[in-house]
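Asks: Sequence and computational prediction follow.
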Amino acid sequence: MEGKRKYKNNSSLSVVLRIVNFMNAFTKTISNPKFIFILFFGLVVFATLQAILLTKEHPAPGEWPFTLYNNYVIFKQSFFHLIHKQDLYCLYPNEYYDPYKYSPAFALAFGLLSYLPDMVGLLLWNLLNAFVLFVAIYKLPGIAVKYKSLMLLTAGVELMTCMQSCQSNALIVGLLILAFCMLEKENYLLATLFISLTVFIKLFGIVICILFIFYPKKGKVALYMLGWFALLAIIPIVATDYDQLLFLYNSWLTPLGNDHALSNGYSVIGWLHTWFKLNVNKTLVLLIGVVLLLFPLIKTSKYKDYSFRLMMLSSVLVWMVIFNHMAESPTFIVAMTGVVIWFYAQKPTTINIVLLILCIVFTCLSPTDIFPPYIRQHFFQPYVIKAVPCILIWIKMIYDLMADKLSLRVSNT
């Protein structure tokens, strides 16, 4: 009996050791940058093929009459409209759905892809978005590689959502993080270039300039910003003329002005409206949001603390989305990137784990086929459920910044 009991104990111990070894090997695999790169490349290829192959060349009456990569077509055609001296901001219903809302400089830059076959151009566009985000996360200083890999792994669903819509948001958040990395190295020339590029894609990138307060030589930073802005504003003149460029900037003001009144989006404003029936003043809510975002900056003694600067970066990335009344589902790769930096850079706490799980389920997975269409259409979408976990996490971020509750794995650099 003694021998049988000993055999069973050894057998049980062997099973436990095998499980432990398997979990260690699994963790090591998924936290390997090579694995994350292969995964991201697979997502790029899948999103591209899905958009190309599921687009019907001759849709039946009542079906979606445009391509499933409509945003890419908007970007592509904007280049041809630019060089042919057409109004970028008119509707072109024979070419695509929805208006172009970006700068003339972005239309010019897209000319690098516009002459390529759609499958090749779309593949490269999605690859650019994924690759810039991939590089940016791994460039973050003071964080172990395995946690950077987990950041990208957790944000993968949102990246897929962004690429399925052929949006630019992954590129934007990647450039903003790279700008932060360059600020940490006091490479202000590149930092301001990356920020300027985002502003000439979508204006909300300008908010990251709040972080300039942490770094010296602010006059030099301001001059670099002005220089890049001037260059990016004038560079489309190589494809058009001065009068047309002035016309385009004047025309651009129309969609920018209309955006303010069109939608509540997946945002704090949308949440207040759908949950509490409050028709709030958007400007007032935005101002309150700005005050709350800036409030931790009163703690000037913390500016030298890298963990404080990193958490302010996370706060800004989430803020850009939840206080954007035009925020759509693909925009949330920006907020989700802020969330994963906030979570994985810190030592885990119970409340942070709960908030991350809520974010994965209701922010990342709520638009997917994991949930039945009825629930998505009649509950998640009208009640802007996607935004709620990010709102809660942002409130927790501000609390942690103000209450010195940061417990980061990173060292001060």
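Replies: Noted; the coordinates are in hand. Numbering: from 1, shown residues only.

Asks: switch to C-alpha atoms for all contacts and neighbour counts from now on
Replies: OK.

Asks: and the one helix or strand Ala105 maps to, which residues are buried?
Replies: Using DSSP states H and E, Ala105 sits in helix 104-109. Buried residues in helix 104-109, counted by 16 or more other C-alpha atoms under 10 Å: 104-108.

Asks: Give me the residues contacting stretch 400-408.
Replies: Stretch 400-408 is contacted from outside by 296, 299, 307-308, 311-312, 345-347, 399, using C-alpha atoms under 8 Å, 6 or more residues apart in numbering.

Asks: Just the C-alphas of that stretch, formatted as CSV.
Replies: Once non-C-alpha atoms are left out, stretch 400-408 reads as follows in CSV (Å, rounded to 0.1, in the frame of the first residue of the first chain):
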residue,chain,number,x,y,z
ASP,A,400,-4.0,57.0,-9.0
LEU,A,401,-2.0,59.9,-10.4
MET,A,402,-3.5,62.3,-7.7
ALA,A,403,-3.4,59.8,-4.8
ASP,A,404,0.2,58.5,-5.5
LYS,A,405,-1.3,55.1,-6.0
LEU,A,406,1.0,54.1,-8.8
SER,A,407,2.7,50.8,-8.3
LEU,A,408,4.7,50.4,-11.4
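
Asks: Could you give the average pLDDT over that stretch?
Replies: Per-residue pLDDT over stretch 400-408 has a mean of 86.

Asks: so after the helix or strand hosting Leu355, what's the next helix or strand?
Replies: Using DSSP H and E, Leu355 maps to helix 350-358. Using DSSP H and E, the helix or strand that directly follows helix 350-358 along the chain is helix 373-375.

Asks: for the helix or strand just after that next one, which positions count as buried?
Replies: Where DSSP H and E defines the elements, the next helix or strand beyond helix 373-375 is helix 388-403. Judged by neighbour count using 16+ other C-alpha under 10 Å, the buried positions of helix 388-403 are 388-391, 393-398, 400-401.

Asks: circling back to that earlier point, just put the buried residues of helix 104-109 in CSV and tack on pLDDT and distance to Ser366.
Replies: Below are those laid out as CSV (pLDDT from 0 to 100; distance: C-alpha to C-alpha, whole Å):
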residue, pLDDT, distance to Ser366
Pro104, 97, 35
Ala105, 97, 35
Phe106, 97, 31
Ala107, 97, 33
Leu108, 97, 36
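
Asks: how about those residues, which pair is most distant?
Replies: Distance extremes for the buried residues of helix 104-109: the farthest pair is Pro104 and Leu108 at 6.3 Å, using C-alpha to C-alpha.

Asks: Between the two, which contacts overlap?
Replies: With C-alpha under 8 Å, 6+ apart, Pro104 and Leu108 have common neighbours 82, 236.

Asks: follow-up on the earlier one: just the buried residues of the contacts of stretch 400-408.
Replies: Buried by 16+ other C-alpha under 10 Å: 296, 307-308, 311-312, 345-346, out of these.

Asks: before we move on, the earlier item: what's the spacing between the helix holding Ala105 and its chain's center?
Replies: On the basis of C-alpha atoms, centre = their mean, to the nearest Å, helix 104-109 sits 20 Å off its chain's mean C-alpha point.

Asks: now stretch 218-235
Replies: That offset, for stretch 218-235, works out to 24 Å (C-alpha atoms, centre = their mean).

Asks: Name the residues that touch it?
Replies: Stretch 218-235 is contacted from outside by 104-105, 188-189, 192-193, 196-197, 200, 212, using C-alpha under 8 Å, 6+ apart.

Asks: From the residues you listed, pick the one nearest Leu127.
Replies: Out of the contacts of stretch 218-235, the member with the shortest distance to Leu127 (by C-alpha to C-alpha) is Leu197, at 17.7 Å.

Asks: What distance do you get for that closest one to Phe229?
Replies: Distance from Leu197 to Phe229, counting by C-alpha to C-alpha, to the nearest Å: 9 Å.

Asks: Neighbour count: these two, which is higher?
Replies: A direct count of neighbours by other C-alpha atoms under 10 Å for Leu197 and Phe229 places Leu197 higher, at 22 against 19.

Asks: What does the pLDDT read for the more buried one?
Replies: 97.

Asks: Find the residue closest to the residue nearest in space to the middle of the chain in space, skipping its chain neighbours.
Replies: Closest to where the C-alpha atoms of the chain average out (C-alpha atoms, centre = their mean) is Val334, at 2.1 Å. Of all residues not flanking Val334 in the chain, Val173 sits nearest, at 5.4 Å (C-alpha to C-alpha, 6 or more residues apart in numbering).

Asks: If you tally nearby residues, what's the number for that neighbour?
Replies: Val173 has 27 neighbouring residues, counting by other C-alpha under 10 Å.

Asks: Having no further points to raise, I will conclude here.
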